[in-house]
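1. Here is a sequence with its predicted model. Questions after.
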Amino acid sequence: MMRRFDQDIIVSLISEGSRVLDLGCGNGDLLIKLKEHGVSDIRGVEIDDRCIAVCVRKGLTVFHGDIDEGLEDYDDASFDYIVLNQTLQVVHKPTLVIKEMLRVGNKAIVSFPNFGYFRIRWYILTKGQMPKVEFLPRDWYDTPNIHLSTISDFEVFCRTRNIAIEQLIGLRSCVTGKTVKRFQNLLAQVGIFVITSERDISN
Amino acid sequence: MYVVDAIPRTQHYTFDALKLDCGRTLSSVQVAYETYGQLNAAKDNAIMLLHALSGSAHAGFVNDKGEQGWWYDFIGPGKALDTERYFIICSNVLGGCSGSTGPGSIDPATGRPYGLSFPVITVGDMVRAQKCLIDGLGIETLLAVVGGSIGGMQALQWAVDYPDIVRSAVILAAANRLSAQGIAFNEVGRQAIMADPCWQNGDYYDGTPPRTGLALARMIGHITYLSEESMHEKFGRALKGVDGYRYGFFEDFEVESYLHYKGNRFVERFDANSYLYITKAMDYFDLPDLASIKSKMFIISFSSDWLFPSARLKALVRSLRRKRIDVTYCEVQSSRGHDAFLLEVAPLTDLISGFLENAGR
C-alpha cells in the first residue's frame, strides 16, 4: 500500500496524550498511526458501515454517522485536536463542519487536495476539462468531491471567519512526502492546516 | 481439529433468596441456563448472553428435542460468539417460564403457583439473578455481556451495576429506556391477556390458560418486530390458499395467516403471566445515570427498527460519550425491523467478532 505521507505529517503535529477525534476516519489508518505514536484517547467518525466494521476489528472506538449533521453530540472543547483529513472536499456543509470542529476541539487539523496546484491549472488551461491527476483521479461525474478548493481559498475562508491559521504545511507530493515552503498554492498537491478560533478581542 | 457440536442441556442453579427492587425478597430462586464452549484456566473468556422477551436459556446449537437455539447462527465454532474461544452462558430471565423462577413457579409458602402474587420484577432484578448464577459458576469477570432488545437492556444494566466485572458490552436494538410507543404496545398486549376470560386474574394454572389473549399479545408484538418494508416483501397482499376474496372475516391474506400461526405457536411454549411480568420490567426500565460504566461499549442499531429507532440509540451513545465512556456505534442497514438482531447474520458476525477480539484489551 502506498505510504500516506499526509497522515505521517498529521501524526507529527499531534503530541502524545492528546485527545483526538478523526472525522471521516475511513479504515482507521490514521487512528492506528496515532495509537502507535502514543496517542491513546482517539476516536473516529465514519459514514461508511464497511469502514466501521474494519475499524471495530482494529479495536478502534468509532461512531457511525454523518459529519454533515454537525457534532452536536460533542461538548465544547472536549478534544485537543479534531482532524479532517482529505474529507473537507466531500462534505456538504464545510462552513458548519469547520465551525463545529473549532467548537469541539482546541485545534483543528484540516487537509485537502489543493486545486491551485500548477498541474491542475495547466490541465484546465490546455485541455479545458475537469482535471484528472494522481491525487484527484476520478471523472467529474463520478467523484464524491463537491467542495474542491485551493490553499488560497481556504486562507481567505479562515481570514473572513476569525479563524487563526497556526500552521500551513504544503505537501509537494503525496508519493515522496516532500513539503514545500514557498508558493504553496502553486506547488503543493495537498494543504495541511492547523487552525484555531481567534479570540474576539473587540469585546 | 474435528469439532463435534455438543448437545446442549439446560441446567439449573438455585439459591436461597433474591432481594428485589420492589422491596420484596424472593425465596428459593431457580435460574435455568445453558453454556457453550469451555471456560479457560484464567477464567477470562466468559460471555453472558441475554435473551429477549420470548427467548430462553437455549441460545445455541440443537438440543435433545431437535430445537435450534434462538441465536443458533451466532453461536458455534467460527461464529460471532466463537465457542472455540469463548465460554458462553445464557440464562432464562427471572420472571420467565423456561426453567427460571417466574409467576408460573410454585410459591414455597403456599405450595401453589405464584400467579399474580409473584412480585413485580425489574431488569435490575433479572441481572442480579444472573450475577448469582455466575458467582455460583465461579466466574469473576465477564469478557462481554451481549443482548438484543430487552436482552440489550440487561446488558446495559450489567455494565452500570457491575463495572468491575463487565469488560465490554454489546447492545443490539436497545436503549437505556423504553419509549412511550414501546410502553403503549406492551400495554395493549397485556390488556389482550387480561381481557381473556381464561386469565382468571392470573390464577389459571389448574385450568385453561388464556390462549386467545396471549396469542393476540404475540400478534401485536410481532407487528412491532417487523418493518413495513419487510412485511411488504414477505407477504405483500398475497392471498392464502384462495384465488379471490371470500368476502367474510376469514384469513384471506397471507399476513393474517402468518400472525395467527405465530400467535398460536407462541401459546404452546409461553406463559401469559410471564408475558405480563417481563413486559412490565421493560416498561419500568430507565437508566438515566450511566456514569459508573467502565466497560467498552458497542451499540448497534438497525435502520428499519421502529421499536428502537437509531435516533434513540444515538441518544444513548451521546449520553455515554458525554461521560467519556469508550463507546462505538454502528447502524446496520436492514429492512427487517427490530427482528434484524436475530436475522442479519453476516454484518453482525463481522461486527461482533471484530469487537470481541479487542474486548479484553
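-> Sure thing, it's come through.
2. Which parts of the chain are helices?
-> Picking chain A for this. A:5-13, A:29-36, A:49-57, A:94-104, A:118-127, A:151-159, A:184-187 (DSSP state H).
3. let's do chain B instead
-> So, for chain B - with DSSP H - the helices run B:123-136, B:150-161, B:180-194, B:211-225, B:228-234, B:254-269, B:272-284, B:310-322, B:340-343, B:345-359.
4. Residue numbers of chain A in contact with chain B?
-> Residues of chain A found near chain B (Cβ under 8 Å from any Cβ of the partner chain) are A:49, A:52-53, A:55-65, A:73-75. C-betas here are computed from N, CA, C, even on glycine.
5. Can you turn the buried part of those into a PyMOL selection?
-> Selecting only the buried entries of those in PyMOL, with 16 or more other Cβ atoms under 10 Å in any protein chain shown as the criterion:
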select buried, chain A and resi 49+52+53+55+56+57+58+59+60+61+62+63+64+65+73+74
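6. re earlier: reformat the helices of chain A as TSV; add distance to residue B:352 and mean pLDDT.
-> Listed next are the helices of chain A as TSV, based on distance: least, Cβ to Cβ, whole Å; pLDDT from 0 to 100:
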stretch	distance to residue B:352	mean pLDDT
helix A:5-13	29	93
helix A:29-36	20	96
helix A:49-57	9	97
helix A:94-104	30	95
helix A:118-127	45	96
helix A:151-159	41	97
helix A:184-187	46	97
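7. Now do the same contact list for residue B:167.
-> The contact partners of residue B:167, by Cβ atoms under 8 Å, 6 or more residues apart in numbering or on different chains, come to B:141, B:142, B:143, B:144, B:295, B:296, B:359, B:360.
8. how much space between the last one and residue B:77?
-> Distance of residue B:360 to residue B:77, given as Cβ to Cβ, to the nearest Å: 19 Å.
9. got it, and the second one?
-> Using Cβ to Cβ, residue B:142 is found at 21 Å from residue B:77.
10. Low-confidence ranges, chain B, go.
-> Applying pLDDT under 70 to chain B flags the ranges B:1-6.
11. For it, which residues are neighbours of chain A?
-> So far as Cβ under 8 Å from any Cβ goes, chain B lies against chain A at B:296, B:298, B:314, B:317-318, B:321-322, B:326-333, B:347, B:350-351, B:353-355, B:357-358, B:361.
12. Give the single residue among the contacts of residue B:167 positioned nearest to residue B:70.
-> residue B:144 (17.9 Å; Cβ to Cβ).
13. The closest one against residue B:47, yeah?
-> Yes: between residue B:144 and residue B:47 there is a contact under Cβ atoms under 8 Å: 4.7 Å.
14. what touches both of the two?
-> In contact with both residue B:144 and residue B:47: residue B:356, using Cβ under 8 Å, 6+ apart.
15. related to what we said a few turns ago, so which of residue B:142 and residue B:77 has more stuff around it?
-> residue B:142 (27 against 12; other Cβ atoms under 10 Å in any protein chain shown).
16. Specify the beta-bridge partners of the more buried one.
-> In this entry, residue B:142 is beta-bridged to residue B:166, by DSSP bridges.
17. In JSON lines, list the helices of chain B along with mean neighbour count.
-> What follows is the helices of chain B, written out as JSON lines (neighbours: other Cβ atoms under 10 Å in any protein chain shown):
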{"stretch": "helix B:123-136", "mean neighbour count": "22"}
{"stretch": "helix B:150-161", "mean neighbour count": "27"}
{"stretch": "helix B:180-194", "mean neighbour count": "17"}
{"stretch": "helix B:211-225", "mean neighbour count": "22"}
{"stretch": "helix B:228-234", "mean neighbour count": "14"}
{"stretch": "helix B:254-269", "mean neighbour count": "16"}
{"stretch": "helix B:272-284", "mean neighbour count": "24"}
{"stretch": "helix B:310-322", "mean neighbour count": "19"}
{"stretch": "helix B:340-343", "mean neighbour count": "22"}
{"stretch": "helix B:345-359", "mean neighbour count": "20"}
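18. Nearest approach to residue A:88 belongs to which of these?
-> Here helix B:310-322 is closest among the helices of chain B (Cβ to Cβ), at 23.6 Å.
19. Chain A versus the residue lying closest to residue B:183 once chain neighbours are set aside, what's the distance?
-> Nearest residue to residue B:183 in three dimensions, chain neighbours excluded: residue B:283, at 4.8 Å (Cβ to Cβ, 6 or more residues apart in numbering or on different chains). Distance, residue B:283 to chain A, by Cβ to the nearest Cβ, to the nearest Å: 27 Å.
20. Tell me how many other residues surround the closest residue in space to residue A:46 that isn't next to it in sequence.
-> Take residue A:46 and drop its neighbours on the chain: the residue closest to it by Cβ to Cβ, 6+ apart is residue A:25, 5.0 Å away. The number of residues packed near residue A:25 is 26, by other Cβ under 10 Å.
21. now residue A:128
-> 7.
22. Which residue is the nearest non-sequential neighbour of residue B:70?
-> Sequence neighbours aside, residue B:55 is the residue nearest to residue B:70 in space, at 4.7 Å (criterion: Cβ to Cβ, 6+ apart).
23. How many residues are close by that neighbour?
-> The number of residues packed near residue B:55 is 24, by other Cβ under 10 Å.
24. got the phi/psi numbers for it?
-> Per-residue torsions, residue B:55: phi -80, psi -170 (degrees, to the nearest 10).
25. So which residue is smack in the middle of chain B?
-> For chain B, the residue nearest the mean C-alpha position is residue B:52 (1.1 Å; Cα atoms, centre = their mean).
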